[in-house]
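Visitor: turn this into a model:
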Amino acid sequence: MRIPRSAALAAILFLVPAAALAQTYSWYGYGVGGGNCTSYKMKIDVTVTGTAVKGLFQQDGRPQRNFEATADDGGAFKSTAVVGGGGKMDVTGKTAGDGGTILLDGYCKFGGPLKKQ
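Guide: Residues are numbered from 1 along each chain as shown. Have a look, this model is predicted:
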């Protein structure tokens, strides 16, 4: 007996766990800290697929940067991102349901509540 391709595809899609679907979150706002931090605007996008966390962030007028992390069972993650001049920013956050939090901490602090996209 031969199974139609459409039925086989439907069966495969049914078996793929919902956790494997990507979920995106974002934050946009100003920095906190000394100097010019409060005038720096940053956009942070976070994509979560299962436990894989990938982030893109860009301060207005600067190149886009990225980070990668692995979330624990509660959705918490921690990483380090390289920025211009060899500097680094500590990245911490947590994703869950419709939101979560993000913090990039280096030359300034950027972050706050994540918004589900």
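
Visitor: going forward, measure contacts and count neighbours with C-alpha atoms only.
Guide: Will do.

Visitor: spit out the contact partners of the spatially most central residue of the chain.
Guide: For the chain, the residue nearest the mean C-alpha position is V46 (1.9 Å; C-alpha atoms, centre = their mean). Counting by C-alpha atoms under 8 Å, 6 or more residues apart in numbering, V46 touches T24, Y25, S26, V53, K54, G55, L56.

Visitor: ok, residues contacting whichever helix or strand D90 is part of?
Guide: According to DSSP states H and E, D90 maps onto strand 88-96. Contact with strand 88-96 is made by 67, 71, 74-83, 100-107, 114, as judged by C-alpha under 8 Å, 6+ apart.

Visitor: could you tell me which of the residues you listed count as buried?
Guide: With burial judged by 16 or more other C-alpha atoms under 10 Å, the buried subset of the contacts of strand 88-96 is 67, 71, 75-78, 80-81, 83, 100-107, 114.

Visitor: farthest pair in the contacts of V46?
Guide: Spanning the widest gap among the contacts of V46 are S26 and V53, at 12.7 Å by C-alpha to C-alpha.

Visitor: just for this structure, where's the confidence low?
Guide: Scanning the chain for pLDDT under 70 picks out 1-20.

Visitor: residue boundaries of the strands in it?
Guide: 22-30, 41-49, 52-59, 65-70, 76-82, 88-96, 99-105, 109-116 (DSSP state E).

Visitor: what sits against the closest residue to Q64 other than its chain neighbours?
Guide: Closest residue to Q64 apart from its sequence neighbours, by C-alpha to C-alpha, 6 or more residues apart in numbering: Q58 at 4.5 Å. Taking C-alpha under 8 Å, 6+ apart, we find Q58 in contact with M42, K43, I44, Q64, R65.
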